[in-house]
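>>> after the sequence you'll find the predicted model.
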Amino acid sequence: MFYRRLKVWFLNNWVKLLIVTAVVLLVFFTIVGLASLESFYLNLTLATLPLQLLMAALNAVIFVYLYMTVFRGGFSQMKKNKVKSSFVNIGFSDIIGLEQAKREAWEVVQLIRDRSRLKAIGGKILRGVLMVGPPGCGKTMLAKAIAKEAKVPFLSLAGSEFVEVFVGVGASRMRKLFKQARQLAYAEGACIVFIDEIEVIGRGRTFSYMGGGEETNSTQNQLLVEMDGLGSRAENVIVMGATNAAEGVLDKALLRPGRFDRKLYIDKPNLKEREGLYRYYLAKVKHDPELDIGHLARKSVSKSPADIENVVKEAALVALRQSKEQVEYSDMSKAIERIELGIEHRKDMIPREREMVAYHESGHLVILYLLHPTDDVFKASIISRGGALGVVHHSPREETFTENRQAMMANIKVALAGYVAEKIRFNTTSTGVASDFQNAMALAHNMVWRVGMGGNGFLGDFAFLPESQISESLKERLNAETEKIIKECYEETEQVLQQNRYIVDRFAKELMEKEELDYDEIDAIFAEYGKAHPVPGTDKPLGKIPAATEVLDRHLLPASAPNHSEKKNNGTFRKRQTKTVPEIRSKRTRPIR
Amino acid sequence: MIIRLVLLSLVVLGPCLAGCRASYPTSSMKQTIARICEDEYGVKVEVKEVGNTIGALIVVKNMLLSDLSLSDQVLKKIEDVMLTVSRVTLSSEERYEFFVIAILDPDTGIQVSFVRYIKDIRRLITDDISRNDYFQRLLIETEIRQPWQSGSPPPYNLKEYKLEGFLARQISERIQLQLQLNLVSRRIFQIEGIDGGYYPAEENRARFKDSGVFRLTVRFHPEALPFKSVGTPEIRKNFTHMLRRMARTVIKRYGFTAFEGMEIVDGAGERLAYFDRQAFNRESMNTLMELIRSIKKK
């Protein structure tokens, strides 16, 4: 192995070696030559030596630049991308959560480590590992951990590094990359090539009827050939790819066995993993020991590890701005709001408009609290943020992977609630309902056109079919069903808000006074009217945000539990696919004059 | 990074390992010059040193051609010895200021000496002075000695040169060269020659201050009119200023400052003009052409 390493090192560095040898010989003969000169001429030469060296250096720089750009690859040259595994400081123990992905990754590591035994048996080391998942969930971190544990050379680069203005540069870089990887694999036994954002070069190839195609086609073709083509060799080069895109986006040839035959799904963390992440990142900042990690974890449903890290960093900045010595819960809360809702910027609204915003948000709030089966309201605010004049911040109590009809209908009702509240109170509405209507329309449309939740019995994904293949009458009927769902939701919303008008008025008044209400205040107000969510097993209203187990129990409560009449939950808890619930915002803007 | 620094240091400082001491120690300079001349050029020389002057004497028969010019063979030997002496004096500890190459013809007793200021060589090599200027700075002296037919030649009579005397001689040589080109002024004033000299303060304490004085002695033709009656006062003034400027050019090039002024006298020692230091160094618009114009006006 030492001989191989020496050979590879010599092949990669022979030019430098040659230059160094030439320089040393030059210096030696210069000394010998100068020593033979008489002292006057020697002094003269030494006096002009610095200027001559400067001129020589200048010439060398120009020559080397030309050489490197013209002869050594020019535009297809890549920056240094080799990472030494000993320099990687992330191991499997540093990754919180991702247990299943870590198990799979460990298997990959074992295969790499035991490659000689595997070869003896006649097996082949796997060629490619694809890591799929949302951004910020730890794909790159896992790749680093694999590199560190496997103790083999690691070449890392992004998919966008293969994209250049000039055609053919991508394929050229791919060839160079694999040549370097093979050399390293020859010297060290194996080599890992990690390509981040592989969808840039790995998306489905396009073939034009005229014979051409996108430039990334050639890059991808080169990758396919390098991974498992006609001339593929025996060196153990393992390609790891990371992508946010769905598998359907990537080319099928890339995903077939023999190339990326191992797929690791890196998902967003669950409740326990979020708690672990908060503990990990909070350990790096001074924080209140009484900080309720569970509460924070519940508030951070659908957040990735990168989001959680961002929240902790932002909380530290918030604490710093207030000259605090440690991060407290209020700082964490503000950090979450700042990140999710945006920075506050108060607008000077006339009292009537302000009241209208307050009623609009109260409408959303009341319907959300009373009717929504899965989401909790964490904050209601009439302070402008981003492009919105007010916001009701809610999130699921626990991540769910699907939405049932009830949840979707509840979402539509919540979206319409702002409009309805304005109409009830002022007998008129404003332009601020535009985004709410968009939301409601989109949900209702999807229910009917995509997932067969319309009441007319039409089943199938009609949005998938080309328009030309759907008859006009079918379109009319589907649209009518959509309209029917919206009307149904509108009527129910109006009924609930009329019944609970006093609560709506109360919230509007509170919002106009305090501008913001958080979960505890909201719950307390509902409790005053006997409408608070109950503590499981008792008929006492909840005074604080429940722990995770309490929330899960709530899902399992039968429908006859006190103060639970608005919930239409069937009480079962099913494992569902991930689907995030959109946030309801009032995109109220000033009317166009 | 460390390797690069080491290589860079090697490249920059390595040549310094060649050493910077003087190649030729002063104590053995005479022997060195004689040895190099004999070994490398096949020329036998007698080397002598007096004070700050080192001289090499070459004995050559038939030194002069029929037209009284030096033969090519002699010129070649002079060149070789001059090169040798230059090499050795430049690469030694700085002790000598002048070197002299003398050629002696035993049959005629004619000795021609070439006197060179060593610093001029250094200045030429470093491109501080032009080649033309360098050639003009060479002092050539001739001497008639007693010829001898056989046996050892008479001892080499080397004298010590001082910079001020060297400059004075140079001034007179250059002025004579200029006057040879300028027939008008030479014919008007009937000048036969100009001698330059430097008189230290000790000799002129009564008349001058502490520093010495350059003196130009203008030798007029015996039948020439007295200087004070030649032309107009303006013409005479322009003439003396012309001599002043030429002298100033030479002295300025050497940066010599140890003098009080310059005196111009005739052959009898009568003073024609005196310029103190300030007047000597004054920039003047008067040129040779203005002198001629003033003569023509007359």
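On my side now, so go ahead.
>>> spell out which parts of the stretch 351-500 of chain A neighbour chain B.
By CB under 8 Å from any CB of the partner chain, no part of the stretch 351-500 of chain A sits against chain B. For every residue, glycine as well, the C-beta is placed using N, CA and C.
>>> just the helices in the stretch 351-500 of chain A please.
Remark: helices assigned in the stretch 351-500 of chain A by DSSP state H, counting those that start in this stretch are A:351-371, A:405-426, A:434-449, A:472-499.
>>> check what pLDDT residue A:524 gets.
Looking at residue A:524, its pLDDT stands at 90.
>>> any chance of the helices of the stretch 351-500 of chain A in JSON lines, with mean pLDDT and mean neighbour count too?
Conversion of the helices of the stretch 351-500 of chain A to JSON lines gives the following (pLDDT from 0 to 100; neighbours: other CB atoms under 10 Å in any protein chain shown):
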{"stretch": "helix A:351-371", "mean pLDDT": "93", "mean neighbour count": "24"}
{"stretch": "helix A:405-426", "mean pLDDT": "93", "mean neighbour count": "24"}
{"stretch": "helix A:434-449", "mean pLDDT": "92", "mean neighbour count": "19"}
{"stretch": "helix A:472-499", "mean pLDDT": "93", "mean neighbour count": "16"}
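>>> need these in CSV (columns: distance to residue A:62).
Below are the helices of the stretch 351-500 of chain A laid out as CSV (distance: least, CB to CB, whole Å):
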stretch, distance to residue A:62
helix A:351-371, 67
helix A:405-426, 66
helix A:434-449, 60
helix A:472-499, 69
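>>> for chain B, which segments count as strands?
Assigned strands in chain B, in chain order: B:46-50, B:53-59, B:98-104, B:110-117, B:139-144, B:191-199, B:212-220, B:259-266, B:271-276 (criterion: DSSP state E).
>>> next, see if the second one gets close to chain A.
No. Interface with chain A: strand B:53-59 contributes nothing (CB under 8 Å from any CB), its closest point being 15.6 Å away.
>>> mean neighbour count added to the strands of chain B, as TSV?
Shown next, in TSV, are the strands of chain B (neighbours: other CB atoms under 10 Å in any protein chain shown):
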stretch	mean neighbour count
strand B:46-50	18
strand B:53-59	22
strand B:98-104	23
strand B:110-117	19
strand B:139-144	12
strand B:191-199	18
strand B:212-220	21
strand B:259-266	20
strand B:271-276	17
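>>> tell me which of these sits nearest to residue A:132.
strand B:110-117 (88.8 Å; CB to CB).
>>> which strands and helices sit next to that closest one?
helix B:72-90, strand B:98-104, strand B:139-144, helix B:163-181 (3 or more CB pairs under 8 Å, 6 or more residues apart in numbering or on different chains; DSSP states H and E).
>>> figure out which of those is closest to residue B:124.
The nearest among those, by CB to CB, is helix B:72-90 at 9.7 Å.
>>> what's the angle from the closest one to strand B:110-117?
Interaxial angle, helix B:72-90 versus strand B:110-117 (axes from the mean of the first three to the mean of the last three CA atoms, to 10 degrees): 30 degrees.
>>> convert the C-alpha atoms of helix B:72-90 to CSV, please.
This file holds the C-alpha atoms of helix B:72-90, laid out as CSV (Å, rounded to 0.1, in the frame of the first residue of the first chain):
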residue,chain,number,x,y,z
ASP,B,72,48.8,47.8,-31.7
GLN,B,73,50.9,45.4,-29.8
VAL,B,74,51.7,48.0,-27.2
LEU,B,75,48.1,49.1,-27.0
LYS,B,76,47.1,45.5,-26.4
LYS,B,77,49.5,45.2,-23.6
ILE,B,78,48.4,48.4,-22.1
GLU,B,79,44.8,47.3,-22.3
ASP,B,80,45.6,43.9,-20.7
VAL,B,81,47.6,45.4,-17.8
MET,B,82,45.0,48.1,-17.3
LEU,B,83,42.3,45.4,-17.1
THR,B,84,44.4,43.4,-14.6
VAL,B,85,45.1,46.4,-12.4
SER,B,86,41.4,47.4,-12.5
ARG,B,87,40.3,44.0,-11.5
VAL,B,88,42.8,43.7,-8.7
THR,B,89,42.3,47.2,-7.3
LEU,B,90,38.5,47.0,-7.4
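>>> sort out which residues of it are buried, please.
B:74, B:77-78, B:80-82, B:84-90 (16 or more other CB atoms under 10 Å in any protein chain shown).
>>> out of these, which touch chain A?
Among the buried residues of helix B:72-90, chain A is touched by B:87, B:90 when using CB under 8 Å from any CB.
>>> in CSV, list the buried residues of helix B:72-90 along with pLDDT.
Formatted as CSV, the buried residues of helix B:72-90 follow (pLDDT from 0 to 100):
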residue, pLDDT
B:74, 90
B:77, 91
B:78, 92
B:80, 93
B:81, 94
B:82, 92
B:84, 93
B:85, 92
B:86, 91
B:87, 90
B:88, 91
B:89, 90
B:90, 89
